[in-house]
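Enquirer: A predicted structure for the sequence below; I have some questions about it.
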Amino acid sequence: MKKGLFIVFEGGEGSGKSTMIDKVYEWLRECDYDCIKTREPGGISIAEQIREVILNKENTKMDGKTEALLYAAARRQHLVEKVIPALENGQVVLCDRFVDSSLAYQGYARGLGIEEVYEINRFAIGDCMPNISILFDISPEVGMARIKKNAEREVNRLDLEKLDFHNKVREGYDIIYRKNRDRMVKINADESIDKVFDDVKNIISNLINNTDK
């Protein structure tokens, strides 16, 4: 594979994205692919510092537009410092969240407008979009129940939102998915870990095979 691939994992809270990224990373390494895994917001020092501000449970007064702008700022720094160099180096980049998260969370669930939030992010990301975005679809009730059972998982400000907010996030993702089927694939994240992993491997294998042609 001569050029890098940008693969993004999207979904609501408790959808299993982080678990899948770890498994996919190990699988690709075993297949001798040069890959990295990273996350948003975060991935590099500056973006991780912004993450602490965004997700701090004490910051309950944060305005929706402030939140959207902070995500975009962290995204920009993460791109120029880590993602773009890795892609230019021919690596596979596995990223936990990208621009679709902002569109679903701030654009739709916060009511700022999907197009409005996209414009903020278009300035931040330029023309750098994922080769594919894998949407892990799960009911918010199941996702939040998973979070409560996982004592090791970071509990952040967004986890404390009411169920109605998380239902809107899911609705937002569905709208975004229906408009972007050329680069988005939806899978049922309520299946077993093995079934979800098999689905993800098939999606990524097809992407790699089509890219190598």
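Expert: Sure thing, it's come through. Numbers count the residues shown, from 1 in each chain.
Enquirer: List the contacts of the residue sitting nearest the centre point of the chain.
Expert: Nearest to the mean C-alpha position of the chain, by CA atoms, centre = their mean, lies Arg97 at 1.4 Å. Neighbour list for Arg97: 8-10, 17, 39-41 [criterion: CB atoms under 8 Å, 6 or more residues apart in numbering]. Yep, even glycine has a C-beta here, placed from its N, CA and C like the rest.
Enquirer: just those residues now: which is nearest Tyr105?
Expert: Glu10 (10.5 Å; CB to CB).
Enquirer: Verify the stated contact: the closest one with Pro130.
Expert: No: if you go by CB atoms under 8 Å, Glu10 and Pro130 don't touch, sitting 9.2 Å apart.
Enquirer: Mind checking which of the two has more residues around it?
Expert: Taking other CB atoms under 10 Å, Glu10 and Pro130 do not tie; Glu10 has more neighbours (27 against 20).
Enquirer: tell me which residues in the helix or strand of the chain with the lowest mean pLDDT are buried?
Expert: Here the helix or strand of the chain ranked lowest by mean pLDDT, DSSP states H and E is helix 140-149, holding a mean of 89. Under the neighbour-count criterion of 16 or more other CB atoms under 10 Å, helix 140-149 has 140, 143-144, 146 buried.
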